[in-house]
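Asker: Can you look at this prediction? I've put the sequence above it.
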Amino acid sequence: MTTAETTVQSEAIAYPFNSSEGLGLSQAYQEARNRPGLVRVRMAYGEPAWLVTRYAEARLVLGDRRFSRAAALHRDEPRQGEGRRNSGILTMDPPEHTRLRTLVAKAFTVHQVEKLRPSVRQLTHELLDGLEAAGPPADLVDRYALPIPVGVICRLLGVPEEDRPKFRAWSDAALSTSSLSAEEFDRNRDELRAYMAGLIEIHRAAPQDDLMTSLIEARDAGDRLSELELVDLCVGILVAGHETTATQIPNFVLTLLDHPGELRRLREEPALLNGAVEELLRFVPLGKGASQPRYATEDIEVGGQLVRAGEPVLVAVGSANRDALRFDEPGKLNVARPATQHLGFGHGVHHCLGAPLARLELQEALGALITRFPGLCLTGDVVWKDQMLVRGPRVMPVGW
Amino acid sequence: MTWQAEIDGGRCIASGMCAGIAPDLFALDAEHARPLADEVPEEERVLDAADSCPAAAITVRDGATTVGPRP
């Protein structure tokens, strides 16, 4: 058996491995998966960490209560940017985490979210009508990928959609990695909080049929969360509720354009769509690298490596999703792959709250687009997001 | 006093949520999660797990009455 004493590298290696431009998974992950034990890595800021790259260990670390997110608050958490992300619900453990999560969980269950499908479908068709009327080329990000999740989350939460330019800038900064100093990062967070606090006051004075109103009710009538928790929860839902999906829509389109055989198959067999979205969630590594390290609360062996109490562990879900021990031909995109339990939405108590909504939006956005435009193609160079936690096109010119 | 907890394997997406919230009551050690016993204590955590399941796959009953997930 290998232990910390026998396998520890002489020096932690620089992390993250993936490049910002493109959607590839670094070769370094495959090498790490094939080596016993864990990899010792160091990010631009914070203390060194262990890196998990295989599926079984990823599920262990994300799912086991002996790994804590809250502990990161008291540590020099490994991170890409200088700013500290005290991200509310994402830096909590049960039972505190459960208290907040249960307040919003009901709005995002499969059953609840399915009711939104007709309106999401209508939105995709309206946007495609607009693109068709204006004629090619068009920026798929600005004209299609962003308006869908922004429109949906604004209505669900109770945020005016016309404020999109405002909160887009804040949201971009909130997910930025290194272009901001700690002071700029904090100022940005304060502006976003002030904006949301203003909206909460408006809803308090005039309750509406939306999630913000029901959270205000939980605070004011049930005293189930603090005012700051209320603000941060709404901020978190707004940011997480659109950025990732808006990024994955063009990512999935690019990936399918890169795999014309799979795209053709999907067009010929539309019944494959939902499975294809799951396969794309598995195949496309959204993040530049793992973030949100978990801290061991006791000594635990992970994949042949002894992790000591107090040590941080990063989990690379993009790599775990390509683990040959779990998936056949993991490096191959197969839109007809039988159901898999990929980790694209994470795992455990922090499993993506909005996963059912994201699935629905991705299914509707992708299905409508490839059906309406059989000749969909790139008409220019993709401009990639830079220095962001998520990877994807900032601008993606397409024709049809 | 106890309730009965059931997990619908057809709905469960193995998010790991229930086993994370109440590891002494739920386990995810196979393709789908399962309650560790048919009878569960009448605790808030059980209802929390049912409320938090993204697939709404957990049903908690008190005899013939469904108590979780809460409406």
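Answerer: Received the coordinates, thanks. Numbering: from 1, shown residues only, chains lettered A, B, ... in the order given.

Asker: And the host helix or strand of residue A:236, what's buried?
Answerer: Per DSSP states H and E, residue A:236 falls inside helix A:227-240. By 16 or more other C-beta atoms under 10 Å in any protein chain shown, the buried positions in helix A:227-240 come out as A:229, A:230, A:231, A:232, A:233, A:234, A:235, A:236, A:237, A:238, A:239, A:240. Heads up, the C-betas are built off the backbone N, CA and C, glycines and all.

Asker: nearest to residue A:59, of these?
Answerer: Ranked by distance to residue A:59 (C-beta to C-beta), these are led by residue A:240 at 21.6 Å.

Asker: could you list every residue that touches the closest one?
Answerer: A:352, A:353, A:354 (C-beta atoms under 8 Å, 6 or more residues apart in numbering or on different chains).

Asker: quick one: secondary structure of the first one?
Answerer: The reference is to residue A:352. Residue A:352 falls in the coil class when you classify it by DSSP: H, G, I helix; E, B strand; the rest coil.

Asker: Any idea which residue of chain B lies closest to chain A?
Answerer: residue B:20 (3.5 Å; C-beta to the nearest C-beta).

Asker: So which residue is dead centre in chain B?
Answerer: Taking C-alpha atoms, centre = their mean as the criterion, residue B:58 is the residue nearest the geometric centre of chain B, at 4.3 Å.

Asker: now chain A
Answerer: In chain A, the centroid-proximal residue (C-alpha atoms, centre = their mean) is residue A:244; its distance is 4.8 Å.

Asker: Check the secondary structure at that residue for me.
Answerer: helix.

Asker: And for the one 3 residues further on?
Answerer: In three-state terms, and counting by three-state DSSP, residue A:247 is helix.

Asker: Quick check: it vs residue A:345, distance?
Answerer: Distance of residue A:247 to residue A:345, computed by C-beta to C-beta, to the nearest Å: 14 Å.

Asker: Compare these two (neighbour count), which wins?
Answerer: residue A:247 (25 against 20; other C-beta atoms under 10 Å in any protein chain shown).

Asker: Grab the nearest non-local neighbour of the more buried one.
Answerer: Nearest non-adjacent residue to residue A:247, counting by C-beta to C-beta, 6 or more residues apart in numbering or on different chains: residue A:392, 3.7 Å away.

Asker: do residue A:36 as well
Answerer: residue A:304 (4.9 Å).

Asker: contacting residues around stretch A:188-202?
Answerer: Contact partners of stretch A:188-202, identified using C-beta under 8 Å, 6+ apart, comprise A:158-160, A:163, A:166-167, A:170-171, A:173-174, A:180, A:212, A:216, A:230-232, A:234-235, A:238-239.

Asker: how about it: buried residues?
Answerer: Under the neighbour-count criterion of 16+ other C-beta under 10 Å, stretch A:188-202 has A:188, A:189, A:192, A:193, A:195, A:196, A:199, A:200 buried.

Asker: Equivalent analysis for stretch B:11-25, please.
Answerer: For stretch B:11-25, the neighbour count (16+ other C-beta under 10 Å) marks B:11-23, B:25 as buried.

Asker: repeat for stretch A:80-92
Answerer: Of the residues in stretch A:80-92, A:80, A:81, A:82, A:83, A:84, A:85, A:87, A:88, A:89, A:90, A:91, A:92 count as buried by neighbour count, 16+ other C-beta under 10 Å.

Asker: From residue A:63, how far out is the second one?
Answerer: Just to be clear, that refers to residue A:81. 27 Å.

Asker: hey, which helix is longest across chain B?
Answerer: helix B:44-52 (DSSP state H).

Asker: which residue ranges form the helices in the stretch 151-300 of chain A?
Answerer: Secondary structure of the stretch 151-300 of chain A (DSSP state H, counting those that start in this stretch): helices at A:164-174, A:182-205, A:211-220, A:227-240, A:243-258, A:260-268, A:273-283.

Asker: any chance of the ones you listed in TSV, with mean pLDDT too?
Answerer: As requested, the helices of the stretch 151-300 of chain A are exported to TSV (pLDDT from 0 to 100):
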stretch	mean pLDDT
helix A:164-174	84
helix A:182-205	92
helix A:211-220	93
helix A:227-240	93
helix A:243-258	97
helix A:260-268	98
helix A:273-283	97
